[in-house]
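Asker: Dropping the sequence and predicted coords here.
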Amino acid sequence: MATDGGVAAAGVQVCSLKVDTPQLISPGTAYKMVRFPFGAAESTDQFAMHQAVQPDGYVVSDWATDDRSGLIWPSKAGWGHLHAMIQWEAASGTTSYTELRDQYVRDPLGLTPHPNDTTATEHRTPTPGGQYYVKNHGVFVAPGTPVALRVTHNDATPRLLTLAEFKLVIHDAA
């Protein structure tokens, strides 16, 4: 975390994640974590909110298979503005999806006393071609309680999430 004389830097703190490696998402009502790579493969993480070595000591060895790679751990308490861009493969066939779902969630893996606090859940019907969505929502965030982006769909077969971005911007709150 950036400091000024040993005091945490004031102002906006940002973590911006992006993944363009397609992720196969199984159908159903259970939401799946969107996973993101670490290090040079991510957009920006100046305040160490998305690290392979997580604040509770857990180490993510493979971002593509470990749901913990989808967690952003807020660097400070404040008003968090969540941003996401979600792109799905185009619907195809006669048994294709009729609904795509996405949501933000605090502590999706049950690591704190108050897990699975969901917000900004949206259910969408597909349009012709690819499915491209942007969502924004504000929530209070705090260190020790990670946030994540989750998705699902109702197709009969797994579908590809082709691109995703997930961003947390933390503003100071009085």
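Answerer: Looks like it arrived, so ask away.

Asker: who touches residue 162 in this structure?
Answerer: Applying C-beta atoms under 8 Å, 6 or more residues apart in numbering, one finds that residue 162 lies in contact with 20, 22, 87-89, 130. C-betas here are computed from N, CA, C, even on glycine.

Asker: just the strands in this protein please.
Answerer: Applying DSSP state E to the chain gives strands spanning 3-4, 7-8, 13-19, 23-25, 32-33, 78-88, 100-106, 117-124, 131-141, 147-153, 159-171.

Asker: Quick check: the gap between the spatially most central residue of the chain and residue 19.
Answerer: Among the residues of the chain, the one closest to the centroid is residue 149, at 3.0 Å (C-alpha atoms, centre = their mean). Using C-beta to C-beta, to the nearest Å, residue 149 is found at 10 Å from residue 19.

Asker: Find the residues that touch each one of these two.
Answerer: Common neighbours of residue 149 and residue 19 (C-beta under 8 Å, 6+ apart) are 34, 164.

Asker: which stretch in the strands of the chain has the least confidence?
Answerer: Of all the strands of the chain, mean pLDDT reaches its minimum on strand 3-4 (a mean of 48).

Asker: Filter the contacts of residue 162 down to the buried ones.
Answerer: Neighbour-count burial (16 or more other C-beta atoms under 10 Å) applied to the contacts of residue 162 gives 87-89.
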